[in-house]
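K.L.:
take a look and give me a structure for this.
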Amino acid sequence: MSRFRLSFAFVVVVAVAVGSTLASAGTGSSVVVPRGQPVQIAVVLDRGDGSIGTVLTPSIRNVIQMAVGSRTVRGFKVQLNDAFDARCGDDQTGANAVTATTVVSNPRNVAVIGHMCSTAFAGSSPPPNADATALSIYENSGIVTINGSTTGGWLPGVGPNVFNATAVAGDNFDWYDQVKALSSDQAWEAAYFSKFGESSGLFADLYFDATKLLLTRLTQASKVVNGQLVIDRAELASAVRNTTGFCGVTGTINLDPSGYRTNAVTAC
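P.N.:
Residues are numbered from 1 along each chain as shown. All right, here's what the predicted structure looks like:
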């Protein structure tokens, strides 16, 4: 058996073990954030030295941090756990599953922003060994995800409850030209340039809106009980998935039942 097959077999075993361990933290569980502690969100991007990791990731990281800013969730600060790496490419499926396993091993991670590519989430279509992909691990743990760049039509089937995107499914990106023509998006781009001294990269505006949407839904799906913040995972996943009429810099965002954005781009 090759080293890759041994590694992938190990990933399957780890994923199953983590799924069993976190069974009680499934889609019906809650995350309790003690008084004075932050709400933790995992940021999982491609950090490789390729076109994706080098060109797009820096500005996407910038806008996620920009969207959070000093914002809180019912008075609780937000902590971005943003050292996670998920590379694009079918040959990275096993490594990305290990990353997802690390994310879910921290029960305080209430959500994931990322992954950046469809292959980084669940391989190619149809996904090989879908039960041992990053997205399946998030699904089994009930951790909601949202991104601004995947388009693979097979992803909702792997993460039927937790997958969401502010991008539109499919290979045709004509709709994105409409986004960039919106006055709200152009004003946002000017604000980004003013802050960072350079133009943002592709999809950065979509990740800005994805982060804002997630924070809004976190407030909606949480409550303060005896000084602690309680976030219901299932309620959060449902709140994100059932998004309609969310006003972002990329226009009005409606998510369809699959979790993808509808292709109607309108100003709000």
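
K.L.:
use CA for all of it now, contacts and neighbours both
P.N.:
Noted.

K.L.:
in stretch 188-204, what counts as buried?
P.N.:
Buried residues in stretch 188-204, counted by 16 or more other Cα atoms under 10 Å: 188-189, 192, 200, 202-204.

K.L.:
show me where pLDDT drops low in the stretch 1-150 of the chain?
P.N.:
Counting by pLDDT under 70, the ranges of the stretch 1-150 of the chain that qualify are 1-28, 51, 126-130.

K.L.:
all helices of it, in order?
P.N.:
Ranges of helices in the stretch 1-150 of the chain, per DSSP state H, counting those that start in this stretch, are 3-21, 51, 57-68, 93-104, 118-122, 134-141.

K.L.:
what angle do the fourth one and helix 134-141 make?
P.N.:
Using axes from the mean of the first three to the mean of the last three Cα atoms, to 10 degrees, the direction of helix 93-104 lies 30 degrees away from that of helix 134-141.

K.L.:
tell me the buried residues in helix 93-104?
P.N.:
The neighbour-count check on helix 93-104 (16+ other Cα under 10 Å) flags 93-101, 103-104 as buried.

K.L.:
still on that earlier bit, redo the buried residues of stretch 188-204 as JSON lines? Include secondary structure and pLDDT.
P.N.:
Below are the buried residues of stretch 188-204 laid out as JSON lines (DSSP: H, G, I helix; E, B strand; the rest coil; pLDDT from 0 to 100):
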{"residue": "Trp188", "secondary structure": "helix", "pLDDT": "98"}
{"residue": "Glu189", "secondary structure": "helix", "pLDDT": "98"}
{"residue": "Tyr192", "secondary structure": "helix", "pLDDT": "98"}
{"residue": "Ser200", "secondary structure": "coil", "pLDDT": "97"}
{"residue": "Leu202", "secondary structure": "coil", "pLDDT": "94"}
{"residue": "Phe203", "secondary structure": "coil", "pLDDT": "96"}
{"residue": "Ala204", "secondary structure": "helix", "pLDDT": "98"}
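
K.L.:
now, among those, which is nearest to Val43?
P.N.:
Checking these against Val43 with Cα to Cα, the nearest one is Ala204 at 13.8 Å.

K.L.:
check contacts around the closest residue to the closest one other than its chain neighbours.
P.N.:
Counting by Cα to Cα, 6 or more residues apart in numbering, Ala204 lies nearest to Ile60, which is 4.9 Å off, once chain neighbours are set aside. Contacts here follow Cα atoms under 8 Å, 6 or more residues apart in numbering; on that basis Ile60 touches 201, 203-204, 207-208.

K.L.:
wait, Val63 touches Tyr207, no?
P.N.:
Yes: counting by Cα atoms under 8 Å, Val63 does reach Tyr207; the two are 6.9 Å apart.

K.L.:
ok, these two, which is more surrounded?
P.N.:
Neighbour count, other Cα atoms under 10 Å: between Val63 and Tyr207, Tyr207 has more, with 29 against 20.

K.L.:
separation between the more buried one and Tyr138?
P.N.:
Going from Tyr207 to Tyr138 by Cα to Cα, to the nearest Å gives 19 Å.

K.L.:
ok, now Pro160?
P.N.:
11 Å.

K.L.:
more crowded one of those two?
P.N.:
Shown here are Pro160 and Tyr138; by other Cα under 10 Å, Tyr138 has more neighbours (27 against 16).

K.L.:
quick one, what contacts that one?
P.N.:
Counting by Cα under 8 Å, 6+ apart, Tyr138 touches 100, 104, 144-145, 159, 162.

K.L.:
ok, 10 Å please
P.N.:
19, 26, 97, 100-101, 103-104, 111-112, 121, 144-145, 158-159, 161-163 (Cα atoms under 10 Å, 6 or more residues apart in numbering).

K.L.:
quick check: it vs Lys223, distance?
P.N.:
Using Cα to Cα, Tyr138 is found at 23 Å from Lys223.
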